[in-house]
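# No sequence on hand, only this structure:
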């Protein structure tokens, strides 16, 4: 469906569907998502809470809870990884496919030193000796710009600040030189000055290593600085996929256009009302009739409320699910 | 005594050996919105809580409409509190999960206006629910049935039930989606317009503060480093830290203009540098900055900064 899938896609999902069984009912979180991330490409995944952005990648990583039902296909390096055994999946995860999360404190083990946690990755995935692994750990901390890396190796997660912990997580994810890094809201828990530092770091690491990045955020402003392509999700579906620059200048889906308008911009803001999107996203158990965005859309018609728009190719690598693209 | 609503003088709050706030002085006028901006750990929430006397102050004075809040007795404090309300960051955590919305909103009325009859109380609650954009039908809902944005509307409704003179908002939109943040900010603007409530609006996000505040205070490691009118702060920020904060914000194309303006992060606890606390992240630090703590001094009519180099630094 896009340039990425035609050439060498690192990751490609096909009609991926994720639902959760809860007290006898099925609640859909991701609906028919076909998404490809090309080799070396940075794709930004944007949407409000509940849009399914995280669940999409948790399914990809095989990290969904037991009550999840997944169908469709997830191909990594042209190999189906959906439904792989834990052992088989572990050979891919961590080594070629890495993921970092919003809160690095939760992702790091509190009782192990940073050095041990980093070295373990290479001992497990690469059969490295502890000695070599520790040397590599020191190297990676230098690479992610952590101050006093030697001392950090001996420290525990609680002794580091949020920004430092996120640098450690990024370093850990890079140890095995993954083909794809999935970064789920990596800067949302950090202060603005640190946020900018982490985005800069991801940008320069990507330049050096050529790895692909899937950057998930509710804040289009964060994604805008890094992504080549932006994928906008709403209520479990992709509603727009377009080159980043084009989407920011001229979004074709009304929802994307409103998201662009909501990017906080201190230089444009003035005393008075702030742009917003009226209403709220549909609840997970609401029945899907027509376009899920129709109740909040300024351009919606009866057709939108009755008939669900399909993702159409508008040319120029732009795909939009809207009866009346802007 | 000046005509300000709130006057804070040399306020200090220490937790053990850690100084969370030091030498904080400012005034807040009736109907004014004062923004308070800083990174996590800078003391923003500590200041909010100290004003409400939810935590004890170590030194200083907080005068509220002529009453010294830090030394007044419990009965007097309680009377003042009806005019001093707060909205917290996490709306779900600040609402009682076992209480339907109607009971949550009835509570302030039962405490401060016990003479009110039941029908009248219900009328006030319904009116306020309409006012915050939820509709009277929300009265029987529980917090877990509502979205984050809706819960924040309830928290705002609860705070506004008694029509306070001052509303303290501690990061009221930080836990919400960017698309929803504007809904809440605009609601606060409307309510302020209607009731003339003064606001202390705390946020780490300068873009949001710009929509609401008349004046802004920038706090770094427990000390105010810049206080200016909104106009001056955004068009001509003077403290190197304020400049770094502004430069770190991405523009709509996603490029931060100057992420490199400051290195490192806020030091924690006991690791605060001598002299100016910002000096080890500041590109302009000199020897003097390590020796003495700069005081907040005026640099023009509506602007003050705490910086030893305030007279010499010129920015293009």
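Good, I have the coordinates. What you see is a predicted model, and the numbers here were worked out from it, not measured in a lab.
# Now do the same contact list for residue 206.
Just going to use chain A. Contacts for residue A:206 (C-beta atoms under 8 Å, 6 or more residues apart in numbering or on different chains) come out as A:40, A:42, A:213, A:226. The way it works is simple: take the backbone N, C-alpha and C, and place the C-beta from them, glycine included.
# I was after chain B.
Applying C-beta under 8 Å, 6+ apart as the definition, the contact partners of residue B:206 turn out to be A:192, A:266, B:37, B:234, B:245-246, B:249.
# Try it again at 10 Å.
By C-beta atoms under 10 Å, 6 or more residues apart in numbering or on different chains, residue B:206 lies in contact with A:192, A:264, A:266, A:269, B:35, B:37, B:213, B:216, B:218, B:233-234, B:237, B:242, B:245-246, B:248-249.
# now, which of these lie within strands?
With strands defined by DSSP state E, the entries of the contacts of residue B:206 inside them are B:35, B:37, B:216, B:218.
# where does the chain have low pLDDT?
Here I'm looking at chain A. Across chain A, the ranges flagged by pLDDT under 70 are A:1-7.
# meant chain B, my bad for not saying
Regions of chain B meeting the criterion pLDDT under 70 cover residues B:1-2, B:251-270, B:316.
# Point to the residue nearest the middle of it.
Against the mean C-alpha coordinate of chain B, by C-alpha atoms, centre = their mean, the closest residue is residue B:202 at 2.6 Å.
# Any idea how many residues pack against the closest residue to chain A within the stretch 51-200 of chain B?
Among the residues of the stretch 51-200 of chain B, residue B:182 lies closest to chain A, at 2.7 Å counting by C-beta to the nearest C-beta. Neighbours of residue B:182 under the rule other C-beta atoms under 10 Å in any protein chain shown: 22.
# Grab the nearest non-local neighbour of it.
If you skip the residues right next to it in sequence, residue B:182 has residue A:276 as its closest partner in space, 2.7 Å away by C-beta to C-beta, 6 or more residues apart in numbering or on different chains.
# for the most centrally placed residue in chain A, helix, strand, or coil?
Among the residues of chain A, the smallest C-alpha distance to the mean C-alpha position (C-alpha atoms, centre = their mean) belongs to residue A:216, namely 2.9 Å. The three-state label for residue A:216, taken from DSSP: H, G, I helix; E, B strand; the rest coil, comes out as strand.
# Also residue A:169?
helix.
# correct me, but it touches residue A:187?
No. Using C-beta atoms under 10 Å, residue A:169 makes no contact with residue A:187, being 11.8 Å away.
# Among the contacts of residue B:206, which ones are in helices?
A:192, B:233-234, B:242, B:245-246, B:248 (DSSP state H).
# hang on, the earlier thing: now, among the ones in strands among the contacts of residue B:206, which is nearest to residue A:113?
Of all the ones in strands among the contacts of residue B:206, residue B:37 has the smallest distance to residue A:113: 35.6 Å, by C-beta to C-beta.
# Now do the contacts for the residue nearest to the closest one when sequence neighbours are not counted.
With C-beta to C-beta, 6+ apart as the measure, residue B:218 is the residue that lies nearest to residue B:37, at 5.2 Å, once sequence neighbours are left out. Taking C-beta under 10 Å, 6+ apart, we find residue B:218 in contact with B:35-38, B:42, B:206, B:209, B:224-228, B:233, B:237, B:239, B:241-242, B:245-246, B:305-306.
# thinking residue A:119 is in contact with residue A:125, fair?
No. Counting by C-beta under 10 Å, residue A:125 is not a contact partner of residue A:119; they are 11.2 Å apart.
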